[in-house]
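Engineer: could you look at this predicted model? Sequence included:
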Protein chains: 2
Amino acid sequence: MKNHVRVLIWGFGAMGSGMAEMLLDKKGVEIIGVCDIHPERAGRSMFDILGRSAGGHGDVTVNGNIDELLTPGCAEVALLATDSFTAKALPKILKLVENGLNVISTAEEMAYPRAQAPDLADAIDTAARKHGVSVLGTGINPGLIMDVLVTLLTGACRSVTAIEAKRINSLSPFGPAVMEEQGVGLSPEAFTEGVKEGGVAGHVGFSESVRMIADGIGWELDGPVEQTQNAIVSRVARKTPFIEIGPGQVAGCDQRGIGRVDGEAKIRMVHPQQIEPESEGTETGDFITITGTPNITMTIRPEIPGGIGTIAMCVNMIPQVINASPGLKTMLDLPIPRAVMGDMRDRIEVTS
Amino acid sequence: MKNHVRVLIWGFGAMGSGMAEMLLDKKGVEIIGVCDIHPERAGRSMFDILGRSAGGHGDVTVNGNIDELLTPGCAEVALLATDSFTAKALPKILKLVENGLNVISTAEEMAYPRAQAPDLADAIDTAARKHGVSVLGTGINPGLIMDVLVTLLTGACRSVTAIEAKRINSLSPFGPAVMEEQGVGLSPEAFTEGVKEGGVAGHVGFSESVRMIADGIGWELDGPVEQTQNAIVSRVARKTPFIEIGPGQVAGCDQRGIGRVDGEAKIRMVHPQQIEPESEGTETGDFITITGTPNITMTIRPEIPGGIGTIAMCVNMIPQVINASPGLKTMLDLPIPRAVMGDMRDRIEVTS
C-alpha cells in the first residue's frame, strides 16, 4: 500500500480551513501540519477550530511558526492560502520549495505570475527546478471561470475573433474583509476615492486571466489590461449577516477589463460583484461568449460559488501538481482539474 | 527559425478535408501528405478537392496508398480520420507509430480505448512508447462536451454525487452516411429492427465518455454502460439538403446511457439527435448538471456543432500531442485544449 499523500496547510482562514475540511473527507491523504499566525488559531487543535472530531486522523496543533513545522520533505505538497499578491507570497513559496515541497497557492496573482511579475515568476521557476518540485497558483477565479474554462472552450474553435467572460456573483456569503476590498457600504464618493487610493482593491486577477487566455491561444497583448471599477449603487436596502446598507450606498463593485490585440478589444472581462444581487433583480451566473468559428455561448447559472470553488480547485489539483515535472506551472500546463472522489494515492504517478 | 510542424492527413472526407482547410489558415504548419482511397479523391490535388488556391503552400496530391506516402519521420503528426472503432483504426495507428509519427485519431472509441478495448489500448501504448511517440483520440463528442467538459467542471466541486450530460443537437448538416447510422427516414419498426441488427448504430462514444468521467474523478463502474436507442418519430414533415421525411417517420435517434456505481445511476448521458429539431420546438444545446457541493448547471446554446468542433479539437491538440511523453494518451492526460491563433511552432516545446 502506498503511503498517504501528506499535506501541509499554511494559512487557516476561510480558504485554508475549508481545504482541511475537504481533505478530511478524502481517502489516501493526511494533513501533517497547519501554520497560522492568527492569535485566535495558533496553538489550538485543528479539529477544535473546525468544530469536528478527529475521527481516525491524528491531531494537528496549529503552529504560528512555520520554521517549527517545516522539515525537508515533511509533506508532498503545501497549500498556501495566505496572500493575494505574488510579491507577498514569494518568500513563503521559496521557503516551502527549498524544503522540497510542491506548492499550490491561492494568491490570485500566482494564477499567472508572468502577467505582472515575470522576474518573480523566474525566481520561483528556478528554485522549483533546483529542488525538483512544482508550484501552481489556482482557484475559482482566476484559475477556472474567466480563464481556464474560456481557453478550453476555444479548443472547439477553428478560429477566434473575440472573447467575453462575465461573472455576475453575490458577495453575500463573505465577511468584513471582502466588504472592505469591494467597497460595500461606502458612499459613491468614498468608493471613488477608495478606488483611487487603493483601499477598494476590487477583484484581483484580470491581468492574470487575460494574459492566460492570450498566451493560451496565441494572441499578443498590446499592453497591460485596461481596468475600470465602478460602484454598484443600491436603490434599495440590502442586508447580509455581515453588513446592512441603505439606498444610495454602494452594494458592490462592477469591475471590467479589456485586453487589446492589434488595437482591438479582443478579450473583455465583466465582473460585477455585489451583496444581495437578487434584491434588484440581478440574476447571478458565469457567462462566456466566444466569437469565432463556431460562436460559443456558455452559461452557468447560478455562478459557481467563489469560496467553495477555490477550496475545491486547490485540493483537486494536488495530484496534478505532485505529478508535474519540476518548475513553475500554470493551469495551461497541467492536465484538466477534476474532483477527487476515490483514493488520492491512485492518482499519484509512480516515477521509476 | 524553427521548421514548420509537418502534418500528414489520412482520410480526406468531411473531417480530414476540414482539418486541411483549418491547417491551411494557420501559421507555422504544413500539410506534407494526404492519403485517401476514395476513387473520387485519390490522384487529385488537395487544393482542387478543397476548391481553393494553393497560396504559398506546395501542392499535395492525394495518394490512395499510404505506403507510398509514409517514410520514417516524414511528419511530426498524423491526423487519422478514417474510422469510428479502435479495432479498425488499430493497424493504421500502428503503421503511423512505427514510422515515428505522433497520431491524433477521430475514431470515437479511441477517445478512451481502455473502455472497450483494453488489449488494443495496451498494444498501442507499447508501440508508441517503443517508437517515442504519442497517440490521442479526440473530437467534440467523445472528446469534449460529454466528458472532458464535465470532468473539468467537477474540479470546482468538493464532492460529486451524480452527473448528467445532455447533448441535444441537429443532424441537418450531415449527409447520407449519418442519416443511415441514425436511422433517419426509417419507419419506427424498421428503426427498431435496425437497432437490433446493428444497421442503426447511433452515437458511438457513451462507453468512452462515461468511463473517462468515472476514471477521471475516481468512481469505479459496476459494469458496462447501459444504453438505449429510441426512435424520435416526427409529427411533421421535415426536410434537409440530404433527406426529406414525413409525419410518422423517424427524424432521429434518442440515445441514452447510464453508468452505475455501487448500484446507483451516477452518470447519465442523454443524446437525442435529429434533423430539423426546431420544427417541433426542440431547442438544441449542450447541458451539464453536476449534483454535488456545489451543484453546477451549465448550458451551451445552441450546441457546439459536431463537425467543425471535431475538426478544431483534432487540429488544436496537435501541439499537446507532439509535446507529450511517449505512449497512448487521453484528454485526461494532456494540458487543456485551446485554439491555435498564433504560430503553431511557438507551442512546440524544445526538448534538450
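Structural biologist: Received the coordinates, thanks.

Engineer: got the buried residues for the lowest-mean-pLDDT helix or strand in chain A?
Structural biologist: In chain A, the helix or strand scored least confidently by mean pLDDT, DSSP states H and E is helix A:176-182, which has a mean of 91. Across helix A:176-182, burial judged by 16 or more other C-beta atoms under 10 Å in any protein chain shown covers A:178-182. (Each C-beta comes from the backbone N, C-alpha and C, glycine too.)

Engineer: which element is the residue in the stretch 1-150 of chain A that chain B sits nearest to on?
Structural biologist: Of the residues in the stretch 1-150 of chain A, the one nearest chain B is residue A:22, at a distance of 5.0 Å by C-beta to the nearest C-beta. In the assignment (DSSP states H and E), residue A:22 maps to helix A:14-24.

Engineer: what does that helix rub up against?
Structural biologist: Helix A:14-24 is contacted from outside by A:7, A:9-10, A:12, A:29-31, A:34, A:36, A:46, A:49-50, A:52, A:55, A:57, A:79, A:81-82, A:106, A:175, A:307-308, A:310-312, A:314-315, B:158, using C-beta atoms under 8 Å, 6 or more residues apart in numbering or on different chains.

Engineer: list only buried entries from those residues.
Structural biologist: Buried subset of these (neighbour count, 16+ other C-beta under 10 Å): A:7, A:9-10, A:12, A:29-31, A:34, A:36, A:46, A:49, A:79, A:81-82, A:106, A:307-308, A:310-312, A:314-315, B:158.

Engineer: next, see if stretch A:213-229 gets close to chain B.
Structural biologist: Yes. Counting by C-beta under 8 Å from any C-beta of the partner chain, contacts between stretch A:213-229 and chain B involve A:216-220.

Engineer: now the buried members of those residues.
Structural biologist: Taking 16+ other C-beta under 10 Å as the criterion, what is buried in the residues of stretch A:213-229 next to chain B is A:216-219.

Engineer: wait, what's in contact with the residue nearest the centre of chain A?
Structural biologist: Among the residues of chain A, the one closest to the centroid is residue A:139, at 2.8 Å (C-alpha atoms, centre = their mean). With contacts defined as C-beta under 8 Å, 6+ apart, the neighbours of residue A:139 are A:106, A:108, A:111, A:309-310, A:313-314.

Engineer: out of these, who's near chain B?
Structural biologist: Okay, of the contacts of residue A:139 touching chain B (C-beta under 8 Å from any C-beta), that's A:309, A:313.

Engineer: neighbours of residue A:51, how many?
Structural biologist: By the criterion of other C-beta atoms under 10 Å in any protein chain shown, residue A:51 has 8 neighbours.

Engineer: same deal with the one 10 residues further on?
Structural biologist: Under the neighbour criterion other C-beta under 10 Å, residue A:61 is assigned a count of 14.

Engineer: quick check: closest non-adjacent residue to it.
Structural biologist: Take residue A:61 and drop its neighbours on the chain: the residue closest to it by C-beta to C-beta, 6 or more residues apart in numbering or on different chains is residue A:45, 6.0 Å away.

Engineer: the one you found touches residue A:60, doesn't it?
Structural biologist: Yes. Contact criterion C-beta atoms under 8 Å: residue A:45 and residue A:60 qualify, at 7.1 Å.

Engineer: and those two? Which one has more around it.
Structural biologist: Ranked by neighbour count (other C-beta under 10 Å), residue A:45 and residue A:60 place residue A:60 first, with 20 against 13.

Engineer: confirm residue A:230 sits in a strand?
Structural biologist: Yes. Counting by DSSP: H, G, I helix; E, B strand; the rest coil, residue A:230 falls inside a strand.

Engineer: how about it, what does it touch?
Structural biologist: Residue A:230 touches A:253-256, counting by C-beta under 8 Å, 6+ apart.

Engineer: which one of the residues you listed is nearest chain B?
Structural biologist: Nearest to chain B out of these is residue A:255 (C-beta to the nearest C-beta; 20.9 Å).

Engineer: now for that closest one: which residues touch it?
Structural biologist: Counting by C-beta under 8 Å, 6+ apart, the residues that residue A:255 touches are A:202-203, A:206, A:227-230, A:269, A:271-273.

Engineer: do the same with residue A:165
Structural biologist: Residue A:165 sits next to A:145-147, A:150, A:209, A:267-270, A:286-288 when contact means C-beta under 8 Å, 6+ apart.

Engineer: quick check: it is in a strand.
Structural biologist: Yes. With three-state DSSP as the criterion, residue A:165 is part of a strand.

Engineer: bridging residues for residue A:230?
Structural biologist: Here residue A:230 sits in beta bridges with residue A:254, going by DSSP bridges.

Engineer: would you mind measuring from it to residue B:168?
Structural biologist: As judged by C-beta to C-beta, to the nearest Å, residue A:230 and residue B:168 stand 39 Å apart.

Engineer: quick one, domains of chain A?
Structural biologist: A:5-139+A:308-347, A:148-304 (automatic domain parsing).

Engineer: of the ones you listed, which approaches residue B:118 most closely?
Structural biologist: domain A:5-139+A:308-347 (17.2 Å; C-beta to C-beta).

Engineer: for that closest one, what is the distance to the chain centroid?
Structural biologist: With C-alpha atoms, centre = their mean, to the nearest Å as the basis, domain A:5-139+A:308-347 stands 12 Å off its chain's centre.

Engineer: what's the first-to-last distance across it?
Structural biologist: Using C-alpha to C-alpha, to the nearest Å, the end-to-end distance of domain A:5-139+A:308-347 comes to 10 Å.
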